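1. this is a predicted model, with the sequence first.
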Amino acid sequence: MGNLKEVDALLSKPIGENGKSVSQMLADSNRLMEETGHYCGVTELTLKTNDPIHYEKLWSRLRGALVGARETALNISASPIVREIGELCFALYTAEGDSITLSTGIMAHVHTMSEAIKHMVRVNYEDDPGIRPGDIFVNNDPQLGDVHNADVMELIPIFWEGELIGWAGGVSHEIDVGAPQPAAVPVGTMSRFEDGWILSCQKVGANDKLFADYERRCYTAVRLPFYWVLDEKCRISGCQIIRDAVRSLVAEEGIDTYKRFTREVIEDTRQAFVNRVREFMIPGVYQYPSFMDVPHSIDKGRMPDHAAIDSMMHCPLEIRVGVDASFELDLEGANKGGHHAFNCTPSGLQGGLWVSITQMLIPNEKVNDGAYLATKFNTPLGTWSNPDNIYASNTFSWMFLIPCFTGVFLAVSQAVSARGYVEEVVAGYPFAGNVAQGGGPNHYGQEGSWCNFDMSSCGTSAGYVRDGEASAAAMWNPEGDMGDVEAWELLEPPLYLGRRLRPSSAGMGKHRGGAGFESIRMIYNTPHQVMLHAANGHVFHGNGLFGGYPASTPYRHSVKNTDMKQRIAEGLPYPVCDRDSENSEIEANIQGEHIKDKYCIHLPDLHKEHDLYVSHISGGHGLGDVLERDAAMVVQDLNDDLLLERFANSAYGVIAQCDADGEWRLDEQATKLRRAEIRQERLARSQPVAEWLKQQQPRVKKGEYFSPVRDMYQSSMSLSKPWADKYRRFWGLPDDWML
Amino acid sequence: MANYTQEVIADLVDGKLPWKMLKEMMSNYKDPDRFDKYVAVLQRKQTWQEKILLPLGPHLFIVRKTDGSIVTKSTSGYEFGDYRQNWKLQARIYVRDSNEAYREIYPALMHADPKWMELREYYDPLDGTLLEIEAVPPGYPIVHSFQPDLEAFYQHWLKRPLH
């Protein structure tokens, strides 16, 4: 924080470098990038070249300060999402809003906070409401710079001798956003007006203190407000630690060195990204489309007719790698958004891109906006990726964003397998779900809300030479941690009856995905609770690779009006898992009204005490032909209860017998014969592609598809002539053909 | 800069490297001569003689034939035609588009709904190897996943002529 003299000086002159306004600095930075192809016109990395040790020390000090800030600040939060899961990230920015370095945590926000700062710079916050030492700004508006409003960011300016020299930013995931539905990421919202509390780069404090009116508002805007307020203080504290670290570094090194360093390190990272693309990729075009179901027809009667429909998201991701190592992503052909919570914004998609490239192309600590400057991303206006309606709901944009970027993982994996770096190959990632959420009167008698993060530990997908890992990570945070059951139960009324790896949840292949798991929850110590699911019930959200199967889809299994109370009173057995949908342990052991279907997206569903709720957390996708899997490993999977016995034969062609001790043993000879038989069966039941295409023609011409599929094609074709032409060309349809 | 022998690369491809070494390989700087060693390892495994120009996966390769043409070829020896064309168009296909077909692979309710999505399996016409799977809605054009700019890769990145 500055002193009064500094503040007075600020009121009378621009706060940027050399008497410039910050918006002028941003314009100059963009112009220099355009003119020279280098960040801020930094064509030579003189600091790095002349004294590389010093350069790395400066980097380490800043990076260390950010990591330390996160580790310290998360103890201020009371939310298990922050404390247990670590859904918290800090970053340091230049005065113009370009990220210099960041902490560990949710990488998605390297650039979202940058967008928010740049918004404030562009619309001249410098003049009104003013940017002064000690100011605190909050943003969770995806239109300005965020993925969705559950991710709330604190942005604090850093001054040195009256000049704005940077920003510290911190973001964390909230438990409740004050929407009509109790949830962090509500399902069933139809417009921004139902998304809950949205703060659009709002100044909420000065002199390092939240404004009292803002703090009071926090207590009425969201459910369980003390979590929100403590998270706010957690983020502010982290930002202050970073600010102090920067000011102390500047005091030691001098402001000129600091500024030169920050610009060089962004340009350095831009160049490193280009070099990494050249090292890992192959120039060319990569196409990996993905899809997501939105089955809101289940909510007919509870939503307006125009929203209570089934629809399907189309993400025709194309990645183009140029001979100059340019890296372009293109969503040309995406279909329109809808009256649902899953629309994205370009800023939100940048969040998805960041979590993808930090895992696949720059998996080291040197991450900043340099990589952003080396990529291009086309998100066509009017599509779900960039709605032309600013009131579109995006409170659960991850639902579309997650499938969208599986293509980045697959494209990089395709390329590195061609280059020989097969140790880096991974068959995409699964959808990070089910997202179990709910609310109502909680076990403390308060109006509660919760968002469980079991889904931060999905199975990972298979690699080229190894299986995926069980319950290990989520697409948006590679440092997966499912959190302790006891910590979740402090917040959430549903008790865990069991948490267990789920057999046959992973995609099969020569190398299988890591297993997902299931949590069995029982509503307890509350008269009622609304419950939500969010997962890909009707579609595979991605592919496996090189013949590997995609991971299983989740399904909904809830039981209402159960006999659990009686079972507990009488000491009778109760289920701790479901295990097999076709031989369900819950169905076998619990009386009640079983809801068992594929509608994993629905409006809040009312449950009473002792009702059960099953949450399936995805397994990973497979890689390679199932018939090439080491038969002994298939048997091991049986013995580890990671594979349902019937698929050993039907999919893997492995014949095994279970002995009296319950141990599966391989029959090598019978397996060899069965596998040869399956190969013959494959050839017998398949047909040449040309023949199949001919058979498909009549259906294609008539457009005889299930309505969401048909609507998806119509929408993509009407929004994108290039995609419509591509579709017509492929199927040999006339130029004016439309569905 | 890391440097591995051809034998180490062969063990890597065969999945024989111990985890510790695999992990080191992942964390280390990449070895710039990997491509040539890798291609040599793969070439040695094939029963045919055509030169591998670019591996496309465990079973598919872009190769140069003796007549100079460049085609996609599989480990079985099947040729899928010009490398610029989508190899899938010359494969055999089996489509899982019913609950019954899905349930050979997935438990009930744990697969896509066939009205929403089908699973296309592409087989090698000679030996029935499952080469690739597409999870797409019915009617979706066959995806041309990877279209490498082979000329540019060789000329500008590997700094050697393709021909």
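-> Arrived safely.

2. name the element A:Phe377 belongs to?
-> A:Phe377 is part of strand A:375-378 when elements are defined by DSSP states H and E.

3. that strand pairs with which strands?
-> strand A:327-330 (parallel) (DSSP bridges).

4. after the helix ranked longest in chain A, heading C-terminal, what element do we hit next?
-> When chain A is parsed with DSSP state H, its longest helix is helix A:225-253. Where DSSP H and E defines the elements, the next helix or strand beyond helix A:225-253 is helix A:255-280.

5. that next one - contacts with which helices or strands?
-> Applying 3 or more Cβ pairs under 8 Å, 6 or more residues apart in numbering or on different chains; DSSP states H and E, one finds that helix A:255-280 makes contact with helix A:46-50, helix A:52-73, strand A:99-102, strand A:163-173, helix A:225-253, helix A:369-373, helix A:406-419. All C-beta atoms are positioned from the backbone trio N, CA, C, and that covers glycine.

6. pull the CA atoms of the last one into CSV?
-> In this case it means helix A:406-419. Included here for helix A:406-419 are C-alpha records, laid out as CSV according to Å, rounded to 0.1, in the frame of the first residue of the first chain:
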residue,chain,number,x,y,z
THR,A,406,-10.0,-33.4,-25.4
GLY,A,407,-9.0,-32.8,-29.0
VAL,A,408,-5.9,-30.9,-27.9
PHE,A,409,-4.7,-33.9,-25.9
LEU,A,410,-5.5,-36.2,-28.8
ALA,A,411,-3.8,-34.0,-31.4
VAL,A,412,-0.7,-33.6,-29.3
SER,A,413,-0.6,-37.3,-28.6
GLN,A,414,-1.0,-38.1,-32.3
ALA,A,415,1.9,-35.8,-33.0
VAL,A,416,4.3,-36.9,-30.3
SER,A,417,3.6,-40.6,-31.2
ALA,A,418,4.7,-39.7,-34.7
ARG,A,419,7.8,-37.9,-33.4
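
7. what's next to the very next helix or strand once past it, contact-wise?
-> Where DSSP H and E defines the elements, the next helix or strand beyond helix A:406-419 is strand A:437-441. For strand A:437-441, the external contacting residues (Cβ atoms under 8 Å, 6 or more residues apart in numbering or on different chains) are A:176, A:181-187, A:223, A:447-452, A:492-494, A:526-532, A:534, A:604, A:607.

8. switch to 10 Å and redo it
-> If you take Cβ atoms under 10 Å, 6 or more residues apart in numbering or on different chains as the criterion, strand A:437-441 is touched by A:175-176, A:181-187, A:223-224, A:396, A:447-452, A:492-494, A:521, A:523, A:525-534, A:604-607, A:613.

9. ok, back up a step: looking at the helices and strands packed on helix A:255-280, which is nearest to chain B?
-> Chain B sits nearest to helix A:406-419 of all those, at 5.1 Å, using Cβ to the nearest Cβ.

10. just the buried residues of stretch B:122-142, please?
-> B:122-125, B:128-142 (16 or more other Cβ atoms under 10 Å in any protein chain shown).

11. restrict these to those near chain A?
-> The subset of the buried residues of stretch B:122-142 within reach of chain A, by Cβ under 10 Å from any Cβ of the partner chain, is B:122-125, B:128-142.

12. tell me the angle of the longest helix of chain A relative to strand A:163-173?
-> Counting by axes from the mean of the first three to the mean of the last three Cα atoms, to 10 degrees, helix A:225-253 lies at 150 degrees to strand A:163-173.

13. in space, what's closest to A:Glu253 - neighbours in sequence excluded?
-> Excluding its sequence neighbours, the residue lying closest to A:Glu253 (Cβ to Cβ, 6 or more residues apart in numbering or on different chains) is A:Leu58, at 7.1 Å.

14. which is the next helix or strand following the strand holding A:Phe377?
-> Going down the chain from strand A:375-378, the next helix or strand is helix A:398-404, by DSSP H and E.

15. wait, does that next one make contact with chain B?
-> No - in terms of Cβ under 10 Å from any Cβ, no part of helix A:398-404 sits within range of chain B; the closest distance is 10.5 Å.

16. residue of the stretch 101-250 of chain A nearest chain B, please.
-> Closest point on the stretch 101-250 of chain A to chain B, by Cβ to the nearest Cβ, is A:Thr104, at 16.3 Å.

17. just the element for that residue, please.
-> Of the helices and strands defined by DSSP H and E, none includes A:Thr104.

18. surely it touches A:Asp481?
-> No - when contacts are counted by Cβ atoms under 10 Å, A:Thr104 is not listed as touching A:Asp481 (11.9 Å).

19. returning to what we had before: tally of neighbours for the residue of the stretch 101-250 of chain A closest to chain B?
-> A:Thr104 is flanked by 18 other residues according to other Cβ atoms under 10 Å in any protein chain shown.

20. and A:Gln591, what does it touch?
-> A:Val559, A:Asn561, A:Thr562, A:Asp563, A:Met564, A:Gln566, A:Arg567.

21. tell me the phi and psi of the last one?
-> As for A:Arg567, its main-chain torsions (degrees, to the nearest 10) stand at phi -60, psi -40.

22. name the nearest residue to B:Tyr102, sequence neighbours excluded.
-> Closest to B:Tyr102 by Cβ to Cβ, 6+ apart is B:His111, at 3.9 Å.

23. what pLDDT does the model give the one you found?
-> You'll see B:His111 listed with a pLDDT of 98.

24. I figured it hits B:Met117, correct?
-> Yes - contact criterion Cβ under 10 Å: B:His111 and B:Met117 qualify, at 8.9 Å.

25. which residues do these two both contact?
-> Each of A:His538, A:Val539, A:Phe540, A:Pro550, A:Thr553, B:Arg96, B:Tyr102, B:Ala135 lies in contact with both B:His111 and B:Met117 under the rule Cβ under 10 Å, 6+ apart.

26. and the pLDDT at the last one?
-> Confidence at B:Ala135, expressed as pLDDT, is 98.

27. so it belongs to a strand, correct?
-> Yes - according to DSSP: H, G, I helix; E, B strand; the rest coil, B:Ala135 belongs to a strand.

28. which SS class is the nearest residue to it once chain neighbours are set aside?
-> Nearest residue to B:Ala135, sequence neighbours excluded (Cβ to Cβ, 6+ apart): A:Phe540, at 4.0 Å. At A:Phe540, secondary structure determined by three-state DSSP is coil.

29. next up, the contacts around A:Phe540.
-> With contact set as Cβ under 10 Å, 6+ apart, A:Phe540 has these partners: A:290-291, A:403, A:430-431, A:507, A:549-553, A:621, B:106, B:111-112, B:116-119, B:133-136.
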